[in-house]
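Chemist: need a 3D model of the sequence below.
(2 chains)
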Amino acid sequence: MERLMPRIMLDFKDVVSGYGEKDILQGFNATICQGEFVGLIGPNGTGKSTLLKCLSGLLPVKSGVITLEEKDNTSYTQRERAQMIAVVPQSFDIDYDFTVEDIVLMGRNPYLSYRTKESQNDYTIVTEAMRATKTLQFRKRLYNNLSGGEKQRVIIARAIAQEPDIILLDEPTSALDIHHQIEVMELIRNLNLKKSMTVVAVLHDINLAARYCNRLILMKDGRVVVDGTPKDVITEANLKKVYEMKMFIQENKLFGKPEIIPLRVIKESEDYRSLRIHVICGSNKASQVLEELEAMGHQVTAGVVNQGSDDWTICDVLGIPMIEESPFTAISSEKQAENLAVMAESDVILISDLPFGHGNIANLIGLEKLTGEIYFHRNCLNNDFTEGQLKKRLAAIKKQKKVNEIDDHQEFIEIIKALTLIEEKSIDSN
Amino acid sequence: MKNSVKKYSIIISIAICIIIIYVCTLLGVASISFWDANKILLDQLFHIDLGMENISAGAVAIIWNVRLPRIILAFITGGVLAICGAAYQGIFKNPMADPYILGVSSGAALGATIGIVMNFSSSLFGMNGTAILAFVGSFASILVVYNISRVGRKVPVATLLLSGIAIGQTISAIMYLLMIFNQEEMTQIMFWIMGSLNGKGWGQVLTVLPYVLVGGVIMLTSVRELDIMLLGEETATQLGVDTERLKKKILITSSLLTAAVVSVTGIIGFVGLVVPHIVRLVTGPKHRVLIPFSLLFGGAFLILCDTLARTVAGQEIPVGIITAAFGGPFFVYLLRKRKQGGA
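Modeler: Below is the predicted model:
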């Protein structure tokens, strides 16, 4: 039974550390077992890199204990620690002309004393590490002449040559293009799977972290906010709390992992007068217009939308009040009345690009009596499945009210912008 | 293949150094014929007598007691300055580092000035009073610099370099003050500062030799860690190097070596700065190769400079002037090359 228990590699207990007087880590707690692939995520300055520095012996711990393989981390010499922990930094430049092989061979240093020269065994390990990272073919080339992705692979080869139990990565992909990002992450996952190496990686790219790590630790202000599987950690509530911005999260169908789409941070609301704008939507084309209107600071409402539709999802994320109907259900008369009541309060009503059918034509009932201005997307007429009802409704509205017709949503945004832009106060007037 | 090339190149370099020592022993102001000089060398080195009867005792003394020890001292001095420069450039990760960067030279100069001013002439272990004071001065200045920069167990490199400059300037100020008040010794002090191998014999060679042997071996045991240090202190730590211990080891070794040499020869500039750079261009940055070749090349370079110093003009020129004359322009070349490289 005992063998089934995963071996505890790292244990952090109330770790406090930082630079000078300032504490960056403020009581970090976590336990990491052998073979885990842990991603540390969180905003800048929350202590992710500080944690790695404490672990690798660069920074002393002010209080609390880090236990590394059953012993206090401070009880190891630098040499002993380097036999257990290898570090792959963000990117790595040197001013001197070392060859790739020289750099990888340096990974053997923790095993060599000043009296011994590198043995045949060391060279075998180094060759193996270069083969695993596909750097063997340029082992005689100068490190400085390699591309960013190649350099990163060499540094990983050096880490492998250290034969560590734990590999620490500090934003290993942030300087790389997308091809090399994936390459590096796959390389590390292979080490994790094949050699059951424990991996702790600081990652800024949450999608990359969710995809490769089997456990994420979300940090803020030097503490753990949530610790769990990517599905547990990557939620709108968690991320909003930590990053102070709205994120749109969907499941990546290909990998079965959560995927985030960060929305905007800088709101334009200060530049515009706020209007009450109601958007008739419910399909999949209004997401962008909803988001832009919301960002401009308007009081946006939507309806009637079927739950689960794309427009519904974006309203849900952005917190836009909406009149909802059950999935694949025709609009009931109560919902129609509710929607009309909301529209009666609106300054502007947008009939967005939306296919109309018998189920949702009720959205347009009673619009002729509203005081708000009406905008209509012409493309609706191309997706008319109402056997003439849409045209009839439109004609009825037009009889009593002006309907502004638009050809795309961007045109509508421009009109609203022109309508609500607050003129900058003239500096000369004073 | 590559290893054998390396082995051959070190053997060839040693051979070239021996040839330089030999040729320079034959050159000099005193007119001793080529054959006579060879006879003296063979007699003294291997006790092979090819007819010493018509060679004057003066000629023997010039070859054996003046030129040869002076040349060997030049070799040792040049070699020591070069390996200390190489090691300092390694641990400071700074291409401008030289053996004097931490105030060794200023300390030695102040010590020597005091010795000259006080006419300190007693001698100890083959060193005269001036040399002893210079040694004490240089080592004391290093200790002050080291302790000023120390923060707990750590010695940050930037602080070390800055306090080296600060202490060096302060010590120099005291030295100049002493010179102003003792103007009759000014010339003597100036000559000491410019560095010279004039009048050095076997005594001085034997004084510095133990330091060089022990220091050289210590340097050679640190070559791998010095290489790793070039990747930066943090990375070195993560690769298992006790960087503080290494720094201390190199600081103590280099300052002892430099102090020993400087106290005997005065301040010979530029060798320790320029030679490692030239050697690095050929051998690459690995200290296992860099240190031995710096020793050989630095030694040979100083022998040649010193031979020029004693033969080129009617009067002896301080060798520091010659090394600076070569070193200065090369330094400018290095700076320009760095600028072009965008580094």
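Chemist: quick one: mean pLDDT for stretch A:220-232?
Modeler: Averaging pLDDT along stretch A:220-232 yields 93.
Chemist: go through that stretch and flag the buried ones.
Modeler: Residues of stretch A:220-232 classed as buried: A:Lys220, A:Asp221, A:Gly222, A:Val224, A:Val225, A:Val226, A:Asp227, A:Pro230 (neighbour count, 16 or more other Cβ atoms under 10 Å in any protein chain shown). (C-beta placed from N, C-alpha, C; glycine too.)
Chemist: tell me which of the residues you listed fall in strands.
Modeler: The strands, defined by DSSP state E, take in A:Lys220, A:Val224, A:Val225, A:Val226, A:Asp227 from the buried residues of stretch A:220-232.
Chemist: measure the first one to chain B for me?
Modeler: A:Lys220 is 25 Å from chain B, where distance means Cβ to the nearest Cβ, to the nearest Å.
Chemist: mind listing the helices for the stretch 51-200 of chain A?
Modeler: Along the stretch 51-200 of chain A, counting by DSSP state H, counting those that start in this stretch, helices occupy A:78-84, A:100-105, A:120-132, A:148-161, A:178-194.
Chemist: could you dump the ones you listed into JSON lines with distance to chain B added?
Modeler: As requested, these are exported to JSON lines (distance: least, Cβ to the nearest Cβ, whole Å):
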{"stretch": "helix A:78-84", "distance to chain B": "3"}
{"stretch": "helix A:100-105", "distance to chain B": "7"}
{"stretch": "helix A:120-132", "distance to chain B": "11"}
{"stretch": "helix A:148-161", "distance to chain B": "8"}
{"stretch": "helix A:178-194", "distance to chain B": "17"}
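Chemist: flag every residue of chain A that's near chain B.
Modeler: By Cβ under 8 Å from any Cβ of the partner chain, the residues of chain A that approach chain B are A:56-58, A:77-79, A:81-83, A:85-87, A:89, A:92, A:94-98, A:102-103, A:106-107, A:109-110, A:112, A:114-115, A:158, A:162.
Chemist: list buried residues within these.
Modeler: So, by 16+ other Cβ under 10 Å, the buried ones in the residues of chain A next to chain B are A:56-58, A:78-79, A:81-83, A:85-87, A:89, A:92, A:94, A:96, A:98, A:102-103, A:106-107, A:109-110, A:112, A:158, A:162.
Chemist: residues touching the residue nearest to A:Gly57 when sequence neighbours are not counted, list them.
Modeler: Once flanking residues are discounted, A:Gly57 sits nearest to A:Arg81: 5.3 Å by Cβ to Cβ, 6 or more residues apart in numbering or on different chains. Residues in contact with A:Arg81 (Cβ atoms under 8 Å, 6 or more residues apart in numbering or on different chains) are A:Ser56, A:Gly57, A:Leu68, A:Asn73, B:Gly240.
Chemist: quick one: low-confidence residue ranges for the stretch 151-300 of chain B.
Modeler: Within the stretch 151-300 of chain B, no stretch has pLDDT under 70.
Chemist: which residues in it form helices?
Modeler: Under DSSP H, counting those that start in this stretch, the stretch 151-300 of chain B gives helices at B:157-181, B:186-194, B:202-221, B:223-229, B:233-238, B:243-265, B:271-283, B:287-311.
Chemist: show me the one of those that comes nearest A:Ala341.
Modeler: helix B:233-238 (64.5 Å; Cβ to Cβ).
Chemist: contacts for that closest one next, please.
Modeler: Contacts to helix B:233-238, defined as Cβ under 8 Å, 6+ apart, come from residues A:56-58, A:78, A:82, A:85-87, A:89, A:92, B:93, B:157, B:225, B:228-229, B:243, B:246.
Chemist: again with stretch A:110-120
Modeler: For stretch A:110-120, using Cβ under 8 Å, 6+ apart, the contacting residues are A:79-80, A:82-83, A:105, A:108, A:122, A:162-163, B:221-222, B:224-225, B:239-240.
Chemist: with stretch A:320-336 instead?
Modeler: A:290, A:294, A:300-309, A:312, A:314-315, A:338-339, A:342, A:358-360, A:362-363, A:365.
Chemist: which of those fall within helices?
Modeler: Using DSSP state H, the subset of the contacts of stretch A:320-336 located in helices is A:Leu290, A:Glu294, A:Trp312, A:Ile314, A:Cys315, A:Glu338, A:Asn339, A:Val342.
Chemist: among these, the buried ones, what's the PyMOL command?
Modeler: One line in PyMOL is enough to select the buried members of the ones in helices among the contacts of stretch A:320-336, burial here meaning 16+ other Cβ under 10 Å:
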select buried, chain A and resi 290+294+312+314+315+338+339+342
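Chemist: would you format the ones in helices among the contacts of stretch A:320-336 as JSON lines with pLDDT included?
Modeler: Shown next, in JSON lines, are those (pLDDT from 0 to 100):
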{"residue": "A:Leu290", "pLDDT": "91"}
{"residue": "A:Glu294", "pLDDT": "87"}
{"residue": "A:Trp312", "pLDDT": "91"}
{"residue": "A:Ile314", "pLDDT": "88"}
{"residue": "A:Cys315", "pLDDT": "89"}
{"residue": "A:Glu338", "pLDDT": "92"}
{"residue": "A:Asn339", "pLDDT": "92"}
{"residue": "A:Val342", "pLDDT": "92"}
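Chemist: next, the buried residues of the strand or helix carrying B:Ala325.
Modeler: Assigned by DSSP states H and E, B:Ala325 falls within helix B:319-341. Neighbour-count burial for helix B:319-341, counted by 16+ other Cβ under 10 Å, picks out B:Val319, B:Gly320, B:Ile321, B:Ile322, B:Thr323, B:Ala324, B:Phe326, B:Gly327, B:Phe331, B:Leu334.
Chemist: A:Asn404: neighbour count?
Modeler: Residues lying near A:Asn404 (other Cβ atoms under 10 Å in any protein chain shown) number 13.
Chemist: what about it, which SS state?
Modeler: On the three-state scheme (DSSP: H, G, I helix; E, B strand; the rest coil), A:Asn404 is labelled strand.
Chemist: contacts only, for it.
Modeler: A:Glu373, A:Ile374, A:Tyr375, A:Phe376, A:Ile415.
Chemist: ok, 6 Å please
Modeler: A:Tyr375 (Cβ atoms under 6 Å, 6 or more residues apart in numbering or on different chains).
Chemist: roughly how far apart are it and A:Glu368?
Modeler: Using Cβ to Cβ, to the nearest Å, A:Asn404 is found at 14 Å from A:Glu368.
Chemist: any idea how many residues pack against the closest residue to A:Thr127 other than its chain neighbours?
Modeler: Nearest in space to A:Thr127, with sequence neighbours left out and distances taken as Cβ to Cβ, 6+ apart, is A:Leu136 at 6.7 Å. By other Cβ under 10 Å, 17 other residues sit near A:Leu136.
Chemist: what pLDDT does the nearest residue to A:Tyr76 once chain neighbours are set aside get?
Modeler: Nearest residue to A:Tyr76, sequence neighbours excluded (Cβ to Cβ, 6+ apart): A:Leu68, at 6.8 Å. You'll see A:Leu68 listed with a pLDDT of 94.
Chemist: next: B:Ser121.
Modeler: Looking at B:Ser121, the pLDDT reads 63.
Chemist: and A:Ile24, by the same measure?
Modeler: pLDDT, A:Ile24: 93.
Chemist: am I right that it sits in a strand?
Modeler: Yes: counting by three-state DSSP, A:Ile24 falls inside a strand.
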